[in-house]
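Visitor: Below are the sequence and a predicted model; questions follow.
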Amino acid sequence: MLLWQGRPRSCHTESALKVVYNHRVSTSQVFSMHPAAEDSPLGKSSEYIATYTPSLLFPIPRAAKWAELGLSAETLPYQGVDFWNCFELSWLLPSGKPVVAMGEFAIPADSPNIIESKSFKLYLNSLNQSVFSSADQLVTVLVRDLSAAAGKPVGVRVRSLAEVTADGVQAAPGICIDELDVAISNYAQPQPELLRCDAARVVEESLHSHLLKSNCPVTGQPDWGTLVVEYRGLALDHASLLAYLVSFRQHADFHEQCVERIFLDLQRLLKPEHLTVYARYVRRGGLDINPYRSSGPISPDNQRLVRQ
């Protein structure tokens, strides 16, 4: 079983960086709620509905968060996709026999809306006691409902557990920067001023860190991820990148906006010929979210890392 529907996804310095800041963070700094999320089910008790209910999906416009970054739908400097992986997908056959599978959803980075994660989970749970004649019928329904919520065509793939098992777990590409010597004590908000590069050198390289952490802007729950940077541009100081990523540790924002902020900060600094930034986040509630942003066309593989 392997089904896809929807639109196809078409300063190397190893010196230590010492940074010392006041680490006190106010509650308002850490947990400022997205205005559109106040009416969502996130952070509230919810009834478990086990029969198909597409109205459970709660779209959140991207425009407000784009505006915080000085962007609009017309001025996005990147292309990309948000991969969502569902580990708790189940439905009933006409005989009443249940099926379990893995769901993969590809939401365009320029879609007008993201889908609030708890509403996504509740919607998927509503399939549990619902009858579908085949996996094809289920995929057709998922494409229709998710595309309507996102405001653009969403790619949907349903895979058997055997297929996913055969893929195994992949390693993050490039150089891991996590063992570099940095000292940090301020985690209140991202600190782009920490980033450094060598303006005399142009390099092409891939870097990754498993130390990315931020907090959900609605519930305050931690979001853990692996961040990957692939670029050709001014040579990025690896230790400064690590310090910068750790400065997100108490920052409250959605996965997608964290990756977009990192992309923009690196783009300004490195003046790259090409730049791709993506994060593979650890799942919560049976779903993981993996935003990819790139200065040019990409066709990324939705490959799981060790914590996924």
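Guide: Structure's in. What do you need? Everything numeric here is computed off the predicted structure, so don't read it as measured data.

Visitor: mind listing the strands for the chain?
Guide: 2-5, 17-18, 59-61, 79-92, 98-108, 113-115, 155-159, 175-176, 182-183, 197-215, 222-236, 274-281, 287-294 (DSSP state E).

Visitor: Spell out which strands sit alongside the third one in the sheet and which way each one runs.
Guide: This means strand 59-61. strand 113-115 (antiparallel) (DSSP bridges).

Visitor: Gly233 reaches Arg268, doesn't it?
Guide: No: taking contacts as Cβ atoms under 8 Å, Gly233 lies outside contact range of Arg268: 10.9 Å. Glycine gets a C-beta too; all of them are placed from N, C-alpha and C.

Visitor: More neighbours: those two, which one.
Guide: Between Gly233 and Arg268, counting by other Cβ atoms under 10 Å, Gly233 is the more crowded of the two (22 against 10).

Visitor: Between the strands of the chain, which one is closest to His255.
Guide: For those, proximity to His255 was assessed by Cβ to Cβ; strand 287-294 is nearest, at 4.6 Å.

Visitor: Tell me the gap between that closest one and the middle of its chain.
Guide: 3 Å (Cα atoms, centre = their mean, to the nearest Å).

Visitor: Run the angle between that strand and strand 98-108 for me.
Guide: Inter-element angle recorded for strand 287-294 and strand 98-108: 30 degrees (by axes from the mean of the first three to the mean of the last three Cα atoms, to 10 degrees).

Visitor: Can you list the helices and strands that strand 287-294 packs against?
Guide: strand 79-92, helix 117-125, helix 255-270, strand 274-281 (3 or more Cβ pairs under 8 Å, 6 or more residues apart in numbering; DSSP states H and E).

Visitor: what pairs with the closest residue to Leu227 other than its chain neighbours across the strands?
Guide: Counting by Cβ to Cβ, 6 or more residues apart in numbering, the nearest residue to Leu227 once its immediate chain neighbours are dropped is Leu212, at 4.4 Å. Bridge pairing for Leu212 (DSSP bridges) gives the partners Gly225.

Visitor: Number of residues surrounding Leu212?
Guide: Leu212, neighbours per other Cβ under 10 Å, totals 23.

Visitor: Let me know the pLDDT of it.
Guide: At Leu212, the pLDDT value in this model is 98.

Visitor: possible to save the strands of the chain as TSV with distance to Ala166?
Guide: Conversion of those to TSV gives the following (distance: least, Cβ to Cβ, whole Å):
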stretch	distance to Ala166
strand 2-5	11
strand 17-18	42
strand 59-61	34
strand 79-92	16
strand 98-108	12
strand 113-115	29
strand 155-159	10
strand 175-176	26
strand 182-183	39
strand 197-215	24
strand 222-236	22
strand 274-281	19
strand 287-294	19
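
Visitor: Between the ones you listed, which one is closest to Val131.
Guide: strand 79-92 (4.8 Å).
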